[in-house]
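*Asks:* Generate coordinates for the sequence data below:
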Amino acid sequence: MKYIIEKDNEGVRLDRYLRKKLKTTPLTEIFKALRIGKIKVNNKKKKENYRLVEGDKLFIGLEVPEEEVNFIDLKNKDKILLKEGIIFENKDLLIFNKKKDMVMHKGSGFDYGVSEMFKSYFKSSDFNFVNRIDKKTSGLVIGAKNKIFTRMLTEEIRENRIKKKYYILVHGSIADDEFIIKNYLKKIEDKVIVTSKEDKGSKEAITIFKVIKRKNNITLLEAELLTGRTHQLRVQLSNLGHPILGDTRYGNDREKMLFLNSFYCKIEKFNIEVELDIPKEFKEKLK
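*Replies:* Numbers count the residues shown, from 1 in each chain. The predicted structure follows:
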């Protein structure tokens with residue numbers, strides 16, 4: 001087996017790369033193959049701690065089966081759905097407009113999610129979404145097409161350098177035109193609660209809110225996340241006494257959809273900015 005090392009794997013230790021390629025081969029056999037020259041880089045023996053360089057030519061002289069990647073058999077309508085939902089795309093990343101009721105990943109009774117669909121769409125197991133939104137939430141999510149950009153974008157998110165904004169419809173009329181909610185949230189089983197800074201496991205949550213419109217005892221808000229905690233907007237607004245329309249977990253609602261939409265994304269590092277219009281369902285509620 002011969003491989004040419006791509007940019008994604010530059011800097012990866014040789015033994016770690018081999019363990020991914022040779023999942024059924026014992027580590028002792030891999031080390032022995034390195035020692036006796038059955039595995040070579042650029043036609044030379046290398047130690048297991050060698051760091052790979054883009055363009056390296058790797059030869060593996062072992063008769064071992066590689067693990068097959070099983071992609072979903074996407075129907076034509078699925079491909080159209082994915083293609084039409086891509087708002088921005090370049091060779092390294094994309095921004096996708098997820099519809100409500102689409103799950104991000106497989107699990108919890110779902111055989112696959114949007115992530116697995118895109119892996120099949122690109123025929124690449126390296127594709128990954130670096131952020132996620134709930135099944136009921138609609139709007140923008142960021143996908144990386146390779147491992148390098150997965151790491152880079154994950155770092156941007158961790159350091160809160162990617163700006164994200166949401167449209168939200170809440171019950172009641174909020175008096176303040178602009179306000180900030182800063183509190184501490186803690187996850188307990190399948191719910192998130194507002195707690196204190198001293199409570200073990202609590203995390204600070206900060207959101208900037210602006211009122212866009214008030215009508216029919218409903219308020220349309222724009223929310224900018226300064227932190228990205230689980231169910232942050234839903235919990236903060238419910239605790240304020242203005243739960244989101246359609247939120248059955250943190251409110252008492254019979255709406256058919258959750259009126260929470262991720263409409264804005266700015267990745268300053270790569271000079272990317274995407275903004276969506278107010279969803280038609282939101283506008284209809286405010287007529």
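*Asks:* Farthest from the middle of the chain: give me that residue.
*Replies:* With CA atoms, centre = their mean as the measure, the chain has its most outlying C-alpha, relative to the mean C-alpha position, at Ile36: 42.8 Å.
*Asks:* For it, grab phi and psi.
*Replies:* Ile36 has phi and psi values of phi -100, psi 0 when expressed as degrees, to the nearest 10.
*Asks:* Check Phe270 too.
*Replies:* Residue torsions, per degrees, to the nearest 10, at Phe270 are phi -120, psi 10.
*Asks:* Show the contacting residues for the residue farthest from the centre of the chain.
*Replies:* If you count contacts by CB atoms under 8 Å, 6 or more residues apart in numbering, Ile36 has none. Any C-beta I mention is one placed from the backbone N, CA and C, and that applies to glycine too.
*Asks:* what's Asp111 in contact with, if anything?
*Replies:* The neighbours of Asp111, taking CB under 8 Å, 6+ apart as the test, come to nothing; the list is empty.
*Asks:* where are the low-confidence patches of the stretch 51-200 of the chain?
*Replies:* In the prediction, the stretch 51-200 of the chain carries residues with pLDDT under 70 at positions 63-69.
*Asks:* Just give me the neighbour total for Met1.
*Replies:* Taking other CB atoms under 10 Å as the neighbour definition, Met1 ends up with a count of 13.
*Asks:* Give the closest residue to it in space, chain neighbours not counted.
*Replies:* Leaving aside its sequence neighbours, Met1 sits nearest to Ile60 (CB to CB, 6 or more residues apart in numbering; 4.4 Å).
*Asks:* Just to check, the one you found is in contact with Tyr17?
*Replies:* No: under the contact definition of CB atoms under 8 Å, Ile60 does not touch Tyr17, with a separation of 10.2 Å.
*Asks:* re earlier: next, count neighbours for the residue nearest to Met1.
*Replies:* Neighbour count for Ile60, taken as other CB under 10 Å: 19.
*Asks:* before we move on, what about Val274?
*Replies:* The number of residues packed near Val274 is 15, by other CB under 10 Å.
*Asks:* mind listing what whichever strand or helix holds it pairs with, with the direction of each?
*Replies:* Element membership of Val274, judged by DSSP states H and E, is strand 272-275. Partner strands and pairing direction for strand 272-275 (DSSP bridges) are strand 260-267 (antiparallel).
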